[in-house]
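A.B. asks: turn this into a model:
(2 chains)
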Amino acid sequence: MSRMHVDQGTCLLCGVCLDSCPYDALAIKDEQLLFTEECRLCQACITACPQGAISLVQEIGAPQREEPAAGGGGVLVFVEQRHSRLQPVSFEMIGKGLELAQALRQPLACVLIGRQMRDQADELLWYGVDRVYCYDHPALKDYRVEPYTAAVCAVAAMMRPEIILVGATAVGRSLAPRVATRLRTGLTADCTSLHIDEQGQLVQTRPAFGGNVMASILTPHHRPQMATVRYKVMAAAQRQDRRRGEVINCKLADADLVSAVNVLETVRRTQTGSITEAEVIVAMGRGVASKQGLALVRQLARHLDGAVACSRPLVEQGLFTHMQQVGLSGRTVRPKLYIACGISGAVQHVAGMSGAETIVAINSDVNAPIFDVAHIAVVGDAYQVLPELLQLFDAKTTPADSLSEVDM
Amino acid sequence: MLNVIVCLKQVPGTNEVEIDPQLGTLKRENAATKINLYDLYALEAAVNITDQYGGRITVISMGPPQAKKAILEAYALGAHHGILLSDRRFAGADTLATAFTLAQAIRRRESYDLILTGMQTSDGDTAQVGPALAEFLGIPHVAYVHKVLGIQHGTEKTITVQADMGDALDTLQTQMPCLLTCTKEVSRPGLPSYLRLKAARERDITVWTYDDLKQETGPAYFGLDGSPTRVQKVFPPSKEQAHERWEGPPAALARRLYARLQEMKRI
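C.D. replies: Purely as a prediction, here's the structure:
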């Protein structure tokens, strides 16, 4: 049994660890630092202790499981398709997968599961992948947990991968834990960074405790090392000039194609989703309150796959409903990106959006209070900056994007 | 008559998880811990299901002895029976070890029709224990359940649910027994009943330790020793984002913004 150990001679009873503990599991009693039963061995205190007085002790004789760590067969990326479209997070994982495979001097493979996926499987060969395991069957059209788990585990049995990466999407977060459990290996959720250390181990970094701390996690004795990967964090692989590698067509046994789950209906979400759920929000204020301003803001939101929101004066003018208003009397939002166009930034508005991860404000008034909370303060007239910006969008198309746009 | 199991976790009361102030649920004397928010929605969904179809709710939690408080709270919210899995040997469990321990406990019971969990916890945020538990038990699961549409008693019992797939809402029908992980849409947690809370203090909580759960042959996955993943280090996230001020002609500002949006992978 493992436990926490305090070197009472080194410990100065400074109490830093008491504050660091998320479970309130440390106490000072009779001038000694003690761990209570609340301790869950999360080890936050080890990092916090300025004296290095706390350590984790694994008692000798603790059962070390004897499973051979049979990896070495490469890096495997689960390429997700939804409605026959390859999900963009897959290309980001291929980008990262190439880097990891290179560091390990091992091949990179993908597994693609769906119906009529031949063209998409072939397309993947333009991205530097060595092998694509393709499961193509009408019964595999939609994600269903049992056949998809069986397919990924079958590939794992064939190639004995060192690493498996799965996108942290709704499908990926449902599938990856089933695969990891069947393979009896570790899985780290929602990684924001992955690299290979000097021992050849995968260092998996992820936010913990609501993003208040970061944790780096290893899977020392089990293979494959598995991680789900957050979308839009890693750089996508670029389409190469040359196609290489091969597609391996695979089949599941009939028994493995059976699922207890039936997909009865799929209702696609429309763009006009609720602003409280949007990852990107383009918000307009009095500074651009016109039909022309609305058209500009809408176009930008469309390009960024985001929602349109507004400040209160625009609701009073009847341009929007309360459902789209951000602020004290409207909604509170926490998007990844908030672009405020022509919004002065009254405290009531700021209260509703200051939790956004990145705030960009475009305003011609150098002294606009919105600039106090903005990470990027763009001092300029939104009526002039936005058309210039939209022109740049119109000028571009890249292969990766066009691929995900095309219905195949 | 359905046997419904709800898995609960007691989580730290800090790290900025909000409870709907309108609902005002579960003000605790000790703010240090609370029931994971999504688990409350799962429990309320179980209450709704058993109200409609009849049945019994058992809550299971793994944690230190203090986690009994979470089970008492669950009694006040409508659970009929509670099991606490508590042993120092369970400490430090990662998601695989946690799911294994829960599965061992659920296997000790005679039968169940439905297992509900929250979609994720506020301290771990992994969303992995539910699906992993279903895999250990060999039953299907549906993640991110938005709505329970109904239970059908045909030749085999099935449940129809709506699940959030990110880009779409899928309506799925699943054979029972099965496991569902629940979003906040699945129910509206009510206030704990004072009378039930008073009565709950008298109620028994079953406590199972390592000795009760170790029966299974094969490798054991209890606690830190049975966890494949290891925390190498914990560190603060990178410093607060810098604040920048950009000035210049509109075209230059637009180009700079476009480049930054590309960097942020928004284009």
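
A.B. asks: which strand is the longest one in chain B?
C.D. replies: Longest strand in chain B by number of residues (criterion: DSSP state E): strand B:141-153.

A.B. asks: now the element after that one, going C-ward?
C.D. replies: Using DSSP states H and E, the helix or strand that follows strand B:141-153 in sequence is strand B:157-164.

A.B. asks: can you pull the contacts of residue 118?
C.D. replies: Just going to use chain A. Going by Cβ atoms under 8 Å, 6 or more residues apart in numbering or on different chains, A:Arg118 touches A:Cys134, A:Asp136, A:Val247. In short, each C-beta sits where N, CA and C put it, glycine included.

A.B. asks: other chain: chain B
C.D. replies: By Cβ under 8 Å, 6+ apart, B:Gly118 lies in contact with B:Cys7, B:Lys9, B:Asn36, B:Leu37, B:Tyr38, B:Asp39, B:Leu40, B:Tyr41, B:Ala42, B:Gly130, B:Thr181, B:Cys182.

A.B. asks: ok, now A:Leu319?
C.D. replies: Residues near A:Leu319 by Cβ under 8 Å, 6+ apart: A:Ala289, A:Leu294, A:Cys310.

A.B. asks: and what of B:Trp246?
C.D. replies: B:Trp246 neighbours (Cβ under 8 Å, 6+ apart): A:Ile376, A:Ala377, A:Val378, A:Val379, A:Gly380, B:Leu253, B:Arg256, B:Leu257.

A.B. asks: rewinding a little: as a markdown table, the contacts of A:Leu319 with pLDDT, secondary structure and distance to A:Val166 would be great.
C.D. replies: What follows is the contacts of A:Leu319, written out as a markdown table (pLDDT from 0 to 100; DSSP: H, G, I helix; E, B strand; the rest coil; distance: Cβ to Cβ, whole Å):
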| residue | pLDDT | secondary structure | distance to A:Val166 |
| --- | --- | --- | --- |
| A:Ala289 | 92 | coil | 45 |
| A:Leu294 | 93 | helix | 40 |
| A:Cys310 | 94 | strand | 38 |
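
A.B. asks: thinking again about what came up before, just the contacts of B:Gly118: which are in strands?
C.D. replies: Counted as lying in strands by DSSP E, out of the contacts of B:Gly118, are B:Cys7, B:Thr181, B:Cys182.

A.B. asks: what's in contact with the helix or strand harbouring A:Glu99?
C.D. replies: For A:Glu99, the host element (DSSP H and E) is helix A:88-104. Here helix A:88-104 makes contact (Cβ under 8 Å, 6+ apart) with A:74-75, A:77-80, A:107-108, A:110, A:124, A:127-130, A:162-163, A:165-169, A:172, A:194-196, A:200, A:202, A:229, A:231-238, A:400, A:404.

A.B. asks: can you pull the buried residues of it?
C.D. replies: Judged by neighbour count (16 or more other Cβ atoms under 10 Å in any protein chain shown), helix A:88-104 contains these buried residues: A:88-101, A:104.

A.B. asks: closest one of the residues you listed to B:Val161?
C.D. replies: When the buried residues of helix A:88-104 are ranked by distance to B:Val161 (Cβ to Cβ), A:Val89 comes first, at 24.9 Å.

A.B. asks: and A:Arg286, how many neighbours?
C.D. replies: Close neighbours of A:Arg286, defined as other Cβ atoms under 10 Å in any protein chain shown, add up to 16.

A.B. asks: and the residue lying closest to it once chain neighbours are set aside, what does it touch?
C.D. replies: Residue nearest to A:Arg286 in three dimensions, not counting chain neighbours: A:Pro313, with 4.7 Å by Cβ to Cβ, 6 or more residues apart in numbering or on different chains. By Cβ under 8 Å, 6+ apart, the residues touching A:Pro313 are A:Gly285, A:Arg286, A:Ala289.

A.B. asks: report pLDDT for A:Pro313.
C.D. replies: On the pLDDT scale, A:Pro313 is placed at 90.

A.B. asks: center of chain A, which residue is that?
C.D. replies: For chain A, the residue lying nearest the average C-alpha position, counting by Cα atoms, centre = their mean, turns out to be A:Arg230 (1.5 Å).

A.B. asks: test my guess that that one contacts A:Ala168.
C.D. replies: Yes: with contacts counted by Cβ atoms under 8 Å, A:Arg230 reaches A:Ala168, the gap being 5.1 Å.

A.B. asks: for the strand or helix carrying the residue nearest to A:Arg286, output the C-alpha coordinates as CSV.
C.D. replies: Per DSSP H and E: A:Pro313 is located in helix A:312-316. Below are the C-alpha coordinates for helix A:312-316, written out as CSV (Å, rounded to 0.1, in the frame of the first residue of the first chain):
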residue,chain,number,x,y,z
ARG,A,312,-27.6,45.8,-24.0
PRO,A,313,-28.3,48.9,-26.1
LEU,A,314,-28.8,46.7,-29.2
VAL,A,315,-31.5,44.7,-27.4
GLU,A,316,-33.2,48.0,-26.5
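
A.B. asks: quick one: buried residues of it?
C.D. replies: Going by neighbour count (16+ other Cβ under 10 Å), the buried part of helix A:312-316 is A:Arg312, A:Pro313, A:Leu314, A:Val315.

A.B. asks: show me where the chain has its helices.
C.D. replies: Just going to use chain A. Secondary structure of chain A by DSSP state H: the helices cover A:16-20, A:44-48, A:88-104, A:118-124, A:145-159, A:170-182, A:254-257, A:291-303, A:312-316, A:347-350, A:370-373, A:382-395, A:399-405.

A.B. asks: my bad, the chain I had in mind was chain B
C.D. replies: Assigned by DSSP H, the helices in chain B fall at B:37-53, B:68-76, B:95-108, B:129-137, B:194-200, B:210-213, B:250-263.

A.B. asks: pick the most deeply packed of the ones you listed.
C.D. replies: helix B:129-137 (a mean of 26; mean count of other Cβ atoms under 10 Å in any protein chain shown).

A.B. asks: which helices and strands does that one pack with?
C.D. replies: Helices and strands in packing contact with helix B:129-137 are listed as helix A:170-182, strand B:2-8, helix B:95-108, strand B:114-118, strand B:141-153, strand B:178-182; criterion 3 or more Cβ pairs under 8 Å, 6 or more residues apart in numbering or on different chains; DSSP states H and E.

A.B. asks: between the contacts of A:Arg118, which is nearest chain B?
C.D. replies: When these are ranked by distance to chain B (Cβ to the nearest Cβ), A:Asp136 comes first, at 21.4 Å.

A.B. asks: next up, the contacts around the nearest residue to that closest one once chain neighbours are set aside.
C.D. replies: Nearest in space to A:Asp136, with sequence neighbours left out and distances taken as Cβ to Cβ, 6+ apart, is A:Met117 at 5.1 Å. Contact analysis of A:Met117 by Cβ under 8 Å, 6+ apart lists A:Gln81, A:Ser84, A:Cys134, A:Tyr135, A:Asp136.
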